[in-house]
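Peer 1: Give me a 3D structure for the following:
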Amino acid sequence: MKKTMKKNETGLNAQLPTVGIVGLGIMGGIMAETLLLNKYRVVGFDIEKSACARLKKAGGLVAKSVAQVTEQADVLITSLATSNALRMVYQEIAATLKATPKKIILVETSTLAMTDKDWIAKQLPKKQVALLDCPISGTAARMKDRAWTIFVSGKKSSCNEVQPIFKCLSDNSPYVGEYGNGLKMKFIANHLVAIYNVACAESVTFARKIGLDPQEVLDIFGPSPVIGTGVMRLRTPFMIKREYSPPTMKVEVWQKDMQVIGDLAKSVGCPLPIFNATAPIYTAAMAQGLALQDTASTAEVLGQMAGLFTKPEIAKPIKTVVKPAVKKVRKAVVSKTS
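Peer 2: Now for the predicted structure:
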């Protein structure tokens, strides 16, 4: 499908599909910038003016509404923080498609409740829309290492069509089955991250308490193929320095994921004793004023419990720029499908 280029879109590949992104926060913003670097035409929308300004500066087109993004996009990616935002956005998408019918692929990447994903599937015209559920495991900081995992689920032929887009963002985008399986995989990933994060905080606290240098502990165990984990290597440096900003994942946002996972486990009658044991540590971090800090700040909670610290260490935010990943991909066309 050939696109008509505008003057400010010089250098973009007119043969590639136009990608719309609704939700230009930490994750949506870095996706937009990376796709632009890979020559995709990107049109986006966010209620935050600063997020829109970031997209414009990167060379993307800023839409005035969700409807405008829907009208222009061949593939539309949503990255939203709350259930209310998700439902409002998809109501507008559904209304737009009803008023001006077209075929489009919708890629939903948010980590929210399964009931939300089921709800949006019921709002959309099935003959026009290929709806995919593709949550992302990883932080914006991990994008530059191409270390995201995108759990791709939905109609397999449609998932295959958007793989060139995913390959710009990550080296790991497995197909995991029917719509909704992506979110389930993300829940399993976050279940483990919740445990690993507090386990690392506990180890750092234990090391300090018995007189070991936690940096030496990380140097020895971090690279270990048995004990070392990505969570250990990512979060332990925060804990060692007692500096938790800028966050890779805010405690207040993580609380939302914890709630959703806990509710799902209860609904299917699955006990999660270790996961549930970590919940009060995150809640205590919230109570201690660490809501906007990285989840590694659980080490402050345990440090106080161990009598090492008298109050949480809250560092002033440091402005950093995460460089998008650039990957050369073969010219590919994502054609519109139902």
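Peer 1: Let me know the helix or strand that residue 90 is in.
Peer 2: Secondary structure assignment for residue 90, by DSSP states H and E: helix 83-99.
Peer 1: Where does the prediction get shaky in the stretch 101-250 of the chain?
Peer 2: For the stretch 101-250 of the chain, applying pLDDT under 70 flags the ranges 141-143.
Peer 1: What strand or helix carries residue 122?
Peer 2: helix 114-123.
Peer 1: next SSE after that helix?
Peer 2: Beyond helix 114-123 toward the C-terminal end (DSSP H and E), the next one is strand 129-133.
Peer 1: helix or strand right after the helix holding residue 90?
Peer 2: strand 104-108.
Peer 1: can you state the direction angle for the helix holding residue 90 and helix 114-123?
Peer 2: 10 degrees (axes from the mean of the first three to the mean of the last three CA atoms, to 10 degrees).
Peer 1: So which elements touch helix 83-99?
Peer 2: In terms of contacts (3 or more CB pairs under 8 Å, 6 or more residues apart in numbering; DSSP states H and E), helix 83-99 is packed against helix 66-72, strand 75-78, strand 104-108, helix 114-123. Where you see a C-beta, it was placed from the backbone N, CA and C, and this is true even at glycine.
Peer 1: Can you tell me which of the ones you listed is packed in deepest?
Peer 2: By mean neighbour count, with neighbours taken as mean count of other CB atoms under 10 Å, strand 104-108 ranks first of the helices and strands packed on helix 83-99 at a mean of 26.
Peer 1: Contacts made by that one with the rest, please.
Peer 2: Defining contact as CB atoms under 8 Å, 6 or more residues apart in numbering, one finds that strand 104-108 is touched by 70, 73-78, 86, 93, 97, 117, 120, 124, 128-134, 158, 161-162, 165, 334, 336-337.
Peer 1: Buried ones among the residues you listed?
Peer 2: 70, 73-78, 86, 93, 97, 117, 120, 124, 128-134, 158, 161-162, 165, 334 (16 or more other CB atoms under 10 Å).
Peer 1: follow-up on the earlier one: how far away from the center of its chain is the helix holding residue 90?
Peer 2: 20 Å (CA atoms, centre = their mean, to the nearest Å).
Peer 1: again with stretch 165-177
Peer 2: That offset, for stretch 165-177, works out to 13 Å (CA atoms, centre = their mean).
Peer 1: Can I get it in CSV? Just the C-alpha atoms.
Peer 2: Taking Å, rounded to 0.1, in the frame of the first residue of the first chain, the C-alpha atoms of stretch 165-177 are listed here in CSV:
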residue,chain,number,x,y,z
ILE,A,165,7.0,-4.1,13.4
PHE,A,166,7.8,-6.2,16.4
LYS,A,167,11.2,-7.1,15.0
CYS,A,168,12.0,-3.3,15.1
LEU,A,169,11.3,-3.3,18.8
SER,A,170,12.7,-6.6,20.1
ASP,A,171,14.5,-9.8,19.2
ASN,A,172,12.0,-11.8,21.1
SER,A,173,8.3,-11.8,20.0
PRO,A,174,7.0,-15.3,20.3
TYR,A,175,3.5,-16.3,19.2
VAL,A,176,1.7,-17.8,22.2
GLY,A,177,-1.7,-18.7,20.8
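Peer 1: quick one: the strands in the stretch 101-250 of the chain?
Peer 2: 104-108, 129-133, 136-137, 149-150, 152-153, 175-177 (DSSP state E, counting those that start in this stretch).
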